[in-house]
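> return a 3D structure for these sequence lines:
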Amino acid sequence: MTIKAVMDDGRERFDKSLSHLRDQMRGIRSGRASTALVDNVRVDYYGTPTPISQLASVSIPEPRQILIKPFDGSILQELSKALLKADLGSSPQNDGKVVRLTLPPLSGEQRNKYVAKVKDLGEEARVALRNTRRDMNKTSDAMQKAGELSEDDNRKVHDDIQNLLKDYEKKVDEAVESKVEEITNV
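Next comes the predicted model:
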């Protein structure tokens, strides 16, 4: 394995951690409705848990409302059950053709709860980044032990890995701050 391969693999793992964080934060409610709120909800469709996006069109007709129109009208009851179980802070309203989720404004307590959750997700992402750094450093040390890398080169690789980690930690912090601001300022 080469230094470039170690760095490329690490960068790819850092990107995945950051992408995972952003995906998780999309599902956290802010003041406005978002189709991302129902992305992770699974509906029992003929015995198979299926994402809503594969069973229905999801739209935002009003700032605080999510409209879900199933392709197959026979799943309306299952869709409503899945949305109730998802605990999105609103009861689904089924009119026989579509399901509406009207989201009430967030209370101060709910905002604080969501901000805490976002911060926890950010910390989980930082831990994942640090674990990746540890693995990269172990690989670099193993390369030095095998004689593929001098001690000075290994130290330089460790410094490069640390700088890369700092860049990604900064991106995590920016993503968390952005979501916290979105939650608190709506």
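> center of this protein, which residue is that?
In the chain, the residue lying closest to the centroid (CA atoms, centre = their mean) is residue 24, at 2.0 Å.
> how close does that residue sit to residue 128?
12 Å (CB to CB, to the nearest Å). Where you see a C-beta, it was placed from the backbone N, CA and C, and this is true even at glycine.
> where is the longest helix in this structure?
Longest helix in the chain by number of residues (criterion: DSSP state H): helix 108-145.
> list the buried residues for it?
Neighbour counts over helix 108-145 (16 or more other CB atoms under 10 Å) mark 111, 114-115, 117-118, 121-122, 125-126, 128-129, 132-133, 136-137, 139-140, 143-144 as buried.
> cool, and stretch 10-29?
Buried-residue list, stretch 10-29, by 16+ other CB under 10 Å: 10-11, 13-14, 17-18, 21-22, 24-25, 28-29.
> who touches it?
34, 36-37, 39-40, 88-89, 103, 106, 110, 114, 117-118, 121-122, 124-125, 128-129, 132-133, 135-136, 161, 164-165, 168, 171-172, 175-176, 179, 183 (CB atoms under 8 Å, 6 or more residues apart in numbering).
> what's the average pLDDT for it?
Regarding stretch 10-29, the rounded mean pLDDT is 90.
> now do residue 4 against residue 152, distance only.
17 Å.
> and residue 141, by the same measure?
Where residue 152 is concerned, residue 141 sits at a distance of 14 Å (CB to CB).
> ok, residue 101 touching residue 66?
Yes: counting by CB atoms under 8 Å, residue 101 touches residue 66, with 4.3 Å between them.
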